[in-house]
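Peer 1: heads up, no residue letters with this:
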């Protein structure tokens, strides 16, 4: 099944000039990772604390896109500019989990987004990332299989935020895409576990 992650090589190609400029300016991969996390925390706090959430929801897709760009750039800087480190690996994984929680949980405060669906989607998303990381425990590579990985969740929630901000989500239907994220997330957990077992030495 197709996943947004499949477009990562092309996306990285577009980002490579910016990565080079950052590296030449002395920026580090870990700094970019932290910037992505701080951006996510700020956007989530804006959604949670604002009385009128319209503008925060309308800008959620932009925040998610920038987060995805920064996530891609930190990995490129680590690999291509010899900035890999144990701390960087930990920051990368923990930063993703913190960013997901910060960006998506505040949507429970938005009318039209049912809490059970949102909590299920967030928890399954965390489980999917945990399953991907656990592959390394059995000697396999970290798994990024879809159909509902980090980038896919960002795409769906970005569209949902945009539609909510524009008032395009009919009453009672806001939970449909969120339940879809949760269900496809379970498929993702299964796929990552299966592929990890298949590729383990």
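Peer 2: Right, received. Where do you want to start? All values derive from a computational prediction rather than experimental measurement.

Peer 1: Contact partners for residue 57?
Peer 2: By CB atoms under 8 Å, 6 or more residues apart in numbering, the contact list for residue 57 reads 47, 110, 161-162, 164-165. C-beta coordinates here come from the backbone N, C-alpha and C atoms, glycine included.

Peer 1: Which helix or which strand is home to it?
Peer 2: Assigned by DSSP states H and E, residue 57 belongs to helix 54-58.

Peer 1: And the helix or strand just after that helix, what does it pack against?
Peer 2: Per DSSP H and E, the first helix or strand lying C-terminal to helix 54-58 is helix 60-80. In terms of contacts (3 or more CB pairs under 8 Å, 6 or more residues apart in numbering; DSSP states H and E), helix 60-80 is packed against helix 8-24, helix 29-49, helix 86-104, helix 150-165.

Peer 1: Reformat the ones you listed into JSON lines and put mean neighbour count and mean pLDDT next to each item.
Peer 2: Shown next, in JSON lines, are those (neighbours: other CB atoms under 10 Å; pLDDT from 0 to 100):
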{"stretch": "helix 8-24", "mean neighbour count": "13", "mean pLDDT": "89"}
{"stretch": "helix 29-49", "mean neighbour count": "19", "mean pLDDT": "97"}
{"stretch": "helix 86-104", "mean neighbour count": "18", "mean pLDDT": "95"}
{"stretch": "helix 150-165", "mean neighbour count": "21", "mean pLDDT": "96"}
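
Peer 1: what would the ones you listed look like in CSV with distance to residue 61?
Peer 2: Below are the helices and strands packed on helix 60-80 laid out as CSV (distance: least, CB to CB, whole Å):
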stretch, distance to residue 61
helix 8-24, 15
helix 29-49, 11
helix 86-104, 11
helix 150-165, 4
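
Peer 1: Which one of the contacts of residue 57 is nearest to residue 73?
Peer 2: The nearest member of the contacts of residue 57 to residue 73, counting by CB to CB, is residue 161 at 22.6 Å.

Peer 1: Once you drop chain neighbours, what's closest to that closest one?
Peer 2: residue 60 (3.3 Å; CB to CB, 6 or more residues apart in numbering).

Peer 1: With adjacent residues omitted, what lies nearest to residue 184?
Peer 2: In this structure, residue 184 finds its nearest non-sequential neighbour in residue 148, 3.8 Å apart by CB to CB, 6+ apart.

Peer 1: doesn't residue 185 make contact with the one you found?
Peer 2: Yes - if you go by CB atoms under 8 Å, residue 148 and residue 185 touch, sitting 4.6 Å apart.
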